[in-house]
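1. Need a 3D model of the sequence below.
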Amino acid sequence: MPNPIIRAQIVSAYERRFSEKPLLLINAPGRINLIGEHTDYNHGFVLPGAIDKSIVFAMDKNSSKSISVQSIQNEQITIPLGKEESSIPFSWGQYFQAMVDEIRQRNLDLEGVDCCFGGDIPIGAGLSSSAALCCGFLFGLNKIFEWNLPLLELARIGQAAEHRIGANVGLMDQFAVLHGKKHEVIFLDCLDYHHQYFPLDLKEHSLVLINSHVKHELVDSAYNERRESCERMLRRLQQLDTGVKTLRDITPDDLRSFEKAFNEDVKKVRYVLHENQRVRQTAEALLQQDLNRVGELLYESHEGLSREYQVSCPELDLLVELTRKEEGVLGSRMMGGGFGGCTINLIDNNEMDRVVSGIKQNYLEQIRIEPDSYLVSLENGVDVLE
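-> Next up is the predicted model:
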């Protein structure tokens, strides 16, 4: 459920701005990914879930031919529906423009809409605030205009909107935001989007995110370059073996036979293959309720992300390294696109306050930045609020 204070603020802002009560209230959560990073756009496996931090939307039709949107900070944009493109003054507004453009391209019925939104998902922390923004708004439009689109199609429209503004993301974030279930993670096959749910029974442990406060911007980072590296390597492998359709069609042993023919891209592909294995192993460990094994796999994942896929940064590496010295931490890794954002940590509840306080203090002393921490739990995906 959303923060009740934010929910009340959004409703109040809508009533002030548009002089009436909204038809719909939508809650769109952020997401964590327990394990399986940079595997989604490589048609691999991931293990995400929706979380208890979200964006709330108040929405209704209007009688104009425009989309009027106001943020909780009172920033406002208007997108005329009669024009192909508008001048958008705020960065978040580019997402709304991109969504409108994608809706037009699909010839969906779209009339004027009023919207106010705001939430408590930290921006740039790797918690998919952009996916929550897109999927929450699209979910509301789907209700208002009775498009009857399935959740997977809404996810694809949200992904396409992010592609329009330059973030060449996979579909994991949108899928998790829309399909999340309370207390469960989603084992998602990113080739055909077959999925199943696994209960996340943490017993006397919790998931804690520690924010490095190194802001990650997917568009401006090397995220897109990593994807291009994998696609480049896939094309080379397909030239050698016509049976290879995706990277998951080869094994680590197969890759070793190709290593001498390729450059640094080999390390990135090796990471993807091993990370797919780790996702499967983590799901099995959850079924066995073996949290110690889950923690080991988190550490292994971070090593791969840092050394092979090279999407970590000194600050994230430090946060993970600090956990290794603490009793009560089962595992830790960077989470999200990389180059900043959060680590995800599996910590004993009895040791949590001491551990988190110690890590934050050490990080402050070494980096001169004070990190934030967030205790998170898994919640349902995008839905209508009463």
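
2. Quick one: mean pLDDT over stretch 298-311.
-> Mean per-residue pLDDT for stretch 298-311: 96.

3. all strands for the protein, in order.
-> 24-33, 45-46, 48-61, 66-71, 76-80, 113-119, 184-189, 195-199, 205-211, 329-334, 342-348, 372-376, 383-384 (DSSP state E).

4. Pass me the low-pLDDT residue ranges in the stretch 251-386 of the chain, would you?
-> Regions of the stretch 251-386 of the chain meeting the criterion pLDDT under 70 cover residues 260-264.

5. Now with 80, please.
-> When residues are selected by pLDDT under 80, those of the stretch 251-386 of the chain lie in 257-265.

6. And for the stretch 101-250 of the chain?
-> For the stretch 101-250 of the chain, the stretches with pLDDT under 80 are 124-126, 168, 215-224, 241-242.

7. how about a cut-off of 90?
-> Within the stretch 101-250 of the chain, the stretches with pLDDT under 90 are 122-128, 165-170, 201, 203, 214-244, 248-250.

8. need the helices for it, in chain order.
-> 129-144, 151-164, 172-179, 223-240 (DSSP state H, counting those that start in this stretch).

9. Look up how far Ser212 lies from Phe339.
-> 10 Å (Cβ to Cβ, to the nearest Å). Glycine gets a C-beta too; all of them are placed from N, C-alpha and C.

10. Give me the common contacts of those two.
-> Cys313 (Cβ atoms under 8 Å, 6 or more residues apart in numbering).

11. list the contacts for the spatially closest residue to Glu379 that is not a sequence neighbour?
-> Nearest residue to Glu379, sequence neighbours excluded (Cβ to Cβ, 6 or more residues apart in numbering): Asp52, at 4.8 Å. Shown in contact with Asp52 (Cβ under 8 Å, 6+ apart): Met1, Pro29, Val376, Ser377, Leu378, Glu379.

12. From Ile72, how far off is Ile5?
-> For Ile5, the distance to Ile72 - Cβ to Cβ - is 11 Å.

13. what about the two, which has more around it?
-> Ile72 (16 against 9; other Cβ atoms under 10 Å).

14. Touching, that one and Phe117? I think so.
-> Yes. Checked against Cβ atoms under 8 Å, the pair Ile72 and Phe117 is within contact range at 6.9 Å.

15. and Ile210, how many neighbours?
-> 25.

16. Could you count how many residues lie near the residue lying closest to Gly381 once chain neighbours are set aside?
-> Once flanking residues are discounted, Gly381 sits nearest to Gly180: 3.7 Å by Cβ to Cβ, 6+ apart. Residue crowding around Gly180 was assessed by other Cβ under 10 Å; the count is 25.

17. what's the spacing between Gly180 and Tyr197?
-> For Gly180, the distance to Tyr197 - Cβ to Cβ - is 9 Å.

18. what sits against Thr343?
-> Contacts for Thr343 were tallied using Cβ under 8 Å, 6+ apart; they are Leu209, Ile210, Ser212, His302, Leu316, Leu319, Val320, Thr323, Ser332, Arg333, Met334, Met335.

19. From what I see, the second one and Ile369 are in contact.
-> Translated: Ile210. No. The pair Ile210 / Ile369 is not scored as a contact, 11.5 Å apart, by Cβ under 8 Å.

20. Please list all residues in contact with the closest residue to Gln9 other than its chain neighbours.
-> Excluding the flanking residues, the one nearest Gln9 by Cβ to Cβ, 6+ apart is Ile72, at 6.0 Å. Ile72 makes contact with Ile6, Gln9, Ile10, Ala13, Cys116, Phe117, Gly118, Gly119, according to Cβ under 8 Å, 6+ apart.
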